[in-house]
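Colleague: Need a 3D model of the following:
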Amino acid sequence: MRILTLAAMLALGAAGSAGAEAPAAGPDLAGFVTDPAFEAQLQQQLLDARPGAVITLPAGHWRLRRGLSLTVPGVTIKGAGQDQTVLSFAGMVSGPVGLQVTGHDFTLSDLTIQDTRGDGVKINGTHGVTIRHVRVRWTARDNRTHGAYGLYPVGCRDVLIEDSEVDGAADAGIYVGQSAGIIVRRNRAEGNVAGIEIENSTRADVYGNLATHNTGGILVFNMPNLPVAGHHTRVHDNRSIDNNTPNFGAAGTAVSIVPAGTGVLVLANDDVEITDNEITGNDTVGIAIASDFSTDYKINDDSPGAHDPYPERIFIAGNRIARGSGAPDLKRWPVAQAILGMGASTNVVWDGQRAPRGTLNDICLAPGPDRLVALDPAHPGNFTVLIPRACAPASRLAPVVVPGA
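Modeller: Numbers count the residues shown, from 1 in each chain. From the prediction side, this is the model:
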């Protein structure tokens, strides 16, 4: 294992090539140092890294002008801590992504990445991803300037994201898409459009997280026009609370339809368990189960994969759900007015779109204080309140196992 300490390399470089780089500028008003030598050495370490390398970043608040990339497998990037090693990309002139990775068996830990023009950390097509004690955030008040995704593995296998934070993403704070074998645990997602989103992925465990002050807390989506479908996700022992931030997602994106005040939203995904979560203070809906027919998503003629528009085999049990006291988002979910106006609850709501092979799509709300509100698609504004029943599946989804977790 090669441990490459950037501080040591900088010292050697300074001794051997005085004057090669412009001098570092002292801390600006925000406390960040612009040091061309630091940035150049970091870029070079990523280019020269070999499998097994550990790149250790020193404590400091550094302002970088260009995005970083890594293609080598088996590399670890480790800072001195979330509050100690902070990389700011405010004013970046090249590359919208803060850190882009395509190398397998990658680990990122103990640092902060902030104010990227695009995504914070994007990991594409990698087998073996560990993200631990990482913070991604946007600090500008104008959320129209924020990047789309904070932590963004896509097309990956064996993904572990734990003990991390994302604040301010204009799409999803923690997003795992088109991946398999996923654990997302003990994270905090705050101030994003979607706090945590699992999209078109299989075998995902989402637990022990806090999603708060987002537009929607936790999303489990299966979108059309993608090469793989999503199924088999467990969402348990999370806190999805006070997610009432107005939706600031870009028009036309998947999350732009999410109503402010959403605790958990399952869209066209199969084999999902939602159990033992605290889902409180969300003004519109606690748990929403929807098909593609409740959206404007269309299946393209050249879609690369088959797509099932119906959510099926959804098991809901043991959750503590209480709606917030604010007004629901009637712009994106006008049916809330009819449900609440009739004295019913929006704690658990299904859009009522029935798959051809099942009357209730095998949607099971276990006995407890809540009722399942089933909308009537043929008569907008009408709904049926279904009594919970003993309907637990004969076998529950198995916990996900990720190497090294």
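
Colleague: Spit out the contact partners of the nearest residue to residue 194 once chain neighbours are set aside.
Modeller: Leaving out its chain neighbours, the residue that sits closest to residue 194 by CB to CB, 6 or more residues apart in numbering is residue 172, at 4.0 Å. Where C-beta positions appear, they are placed from N, C-alpha and C, glycine not excepted. Counting by CB atoms under 8 Å, 6 or more residues apart in numbering, residue 172 makes contact with 148-150, 152, 192-197, 219, 255.

Colleague: quick check: mean pLDDT across the longest strand along the chain?
Modeller: For the chain, the strand with the greatest residue count under DSSP state E is strand 127-137. The average pLDDT within strand 127-137 is 98.

Colleague: and after that strand, which helix or strand comes next?
Modeller: strand 149-154 (DSSP states H and E).

Colleague: List the buried residues for that next one?
Modeller: Within strand 149-154, the residues that count as buried by 16 or more other CB atoms under 10 Å are 149-154.

Colleague: okay if I get the residues you listed as TSV plus pLDDT and distance to residue 29?
Modeller: Listed next are the buried residues of strand 149-154 as TSV, based on pLDDT from 0 to 100; distance: CB to CB, whole Å:
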residue	pLDDT	distance to residue 29
149	98	28
150	98	25
151	98	28
152	98	30
153	98	35
154	98	36
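
Colleague: So which of those residues is the closest to residue 106?
Modeller: Taking CB to CB as the measure, residue 153 is the one of those closest to residue 106, at 9.5 Å.

Colleague: what residues are up against the closest one?
Modeller: Taking CB under 8 Å, 6+ apart, one finds 122-124, 126, 129, 131, 159, 161, 175-177, 179 in contact with residue 153.

Colleague: rewinding a little: let me know the closest of the contacts of residue 172 to residue 386.
Modeller: residue 219 (23.5 Å).

Colleague: Please name the nearest non-neighbouring residue to the closest one.
Modeller: Nearest one to residue 219, counting by CB to CB, 6+ apart, is residue 197 at 4.3 Å.

Colleague: Show me where the stretch 1-150 of the chain has its helices.
Modeller: 6-16, 36-48 (DSSP state H, counting those that start in this stretch).

Colleague: got the buried residues for the longest one?
Modeller: Counting neighbours by 16+ other CB under 10 Å, one finds that the buried residues in helix 36-48 are 37-42, 45-46.

Colleague: Residue 337 belongs to a helix?
Modeller: Yes: counting by DSSP: H, G, I helix; E, B strand; the rest coil, residue 337 is found in a helix.

Colleague: Per-residue pLDDT of it, please?
Modeller: Confidence score, pLDDT, at residue 337: 96.

Colleague: same deal with the one 3 residues further on?
Modeller: The predicted structure scores residue 340 at 97 on the pLDDT scale.

Colleague: and the closest residue to residue 117 other than its chain neighbours, what is it in contact with?
Modeller: Nearest non-adjacent residue to residue 117, counting by CB to CB, 6+ apart: residue 96, 4.2 Å away. Applying CB under 8 Å, 6+ apart to residue 96 gives the contacts 67, 116-119, 147.

Colleague: beta partners for the nearest residue to residue 270 once chain neighbours are set aside?
Modeller: Ranked by CB to CB, 6+ apart and with sequence neighbours excluded, the top spatial neighbour of residue 270 is residue 231, at 4.3 Å. For residue 231, the residues forming beta bridges with it (DSSP bridges) are residue 202, residue 270.

Colleague: Wait, residue 231 touches residue 273, no?
Modeller: No: using CB atoms under 8 Å, residue 231 is not in contact with residue 273; the gap is 11.5 Å.
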